[in-house]
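# A predicted structure for the sequence below; I have some questions about it.
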Amino acid sequence: MKQTRAIALAILTGLTLVTSGCAVMRGQTDVGTYVDDRTITTAVKAKLIEDKRTGGLSINVDTLNGAVALSGFAKSQAEKDAAGQIAATTRGVREVRNNLVVRP
């Protein structure tokens with residue numbers, strides 16, 4: 001009985017840390033901000049994959065407090081610029097850091 005109770009308490013503690021601790025560790029102020037950032041990341045990534053001008057699969061997207069960071073490789077300056085424009089026009093994005101490296 002004591003062992004079952006200890007295991008249940010450990011699982012509950014772990015779930016609490018996972019669901020609320022992730023946001024604090026990444027720099028967000030609360031879980032809602034973390035969820036918003038994940039939504040923005042997903043929306044930007046989807047738009048990059050849909051757009052024929054960009055190689056969406058080779059572009060990494062990270063979002064922190066509404067600031068989107070693009071990283072990875074682009075085949076041309078035009079592709080890099082298009083990716084930055086797509087990210088900037090996505091709902092919820094406050095800032096874009098376009099760290100794509102142009103590599104032919």
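Perfect, thanks for sending it.

# Sketch out the strands for the protein, chain order is fine.
Ranges of strands in the chain, per DSSP state E, are 59-64, 67-74, 95-102.

# Which one, of the ones you listed, ends up nearest to T41?
Evaluated over these, closeness to T41 peaks at strand 59-64, with 4.5 Å, by Cβ to Cβ. All C-beta spots, glycine's among them, are computed from the backbone N, C-alpha and C.

# Can you show me the CA trace of the closest one as PDB?
Extracted in PDB, the C-alpha atoms of strand 59-64 (Å, rounded to 0.1, in the frame of the first residue of the first chain):
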ATOM      1  CA  ILE A  59      14.200  25.500 -41.900                       C
ATOM      2  CA  ASN A  60      14.000  25.200 -38.100                       C
ATOM      3  CA  VAL A  61      11.500  27.400 -36.300                       C
ATOM      4  CA  ASP A  62      11.800  28.300 -32.600                       C
ATOM      5  CA  THR A  63       9.500  30.800 -30.800                       C
ATOM      6  CA  LEU A  64      10.000  32.400 -27.400                       C
END
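
# who does that strand pair up with?
When pairing is defined by DSSP bridges, strand 59-64 lines up against strand 67-74 (antiparallel).

# Report the mean confidence score over the partner strand.
The average pLDDT within strand 67-74 is 95.

# so how far is it from its chain's centroid?
Distance, stretch centre to chain centre, for strand 67-74: 10 Å (Cα atoms, centre = their mean, to the nearest Å).

# Can I get it as PDB, trimmed to CA atoms?
The C-alpha coordinates for strand 67-74 follow below in PDB (Å, rounded to 0.1, in the frame of the first residue of the first chain):
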ATOM      1  CA  ALA A  67       9.900  36.200 -31.100                       C
ATOM      2  CA  VAL A  68      10.500  33.700 -34.000                       C
ATOM      3  CA  ALA A  69      14.000  32.500 -34.700                       C
ATOM      4  CA  LEU A  70      14.600  30.900 -38.100                       C
ATOM      5  CA  SER A  71      17.700  28.700 -38.500                       C
ATOM      6  CA  GLY A  72      19.000  26.200 -41.000                       C
ATOM      7  CA  PHE A  73      19.900  26.600 -44.600                       C
ATOM      8  CA  ALA A  74      18.400  28.300 -47.600                       C
END
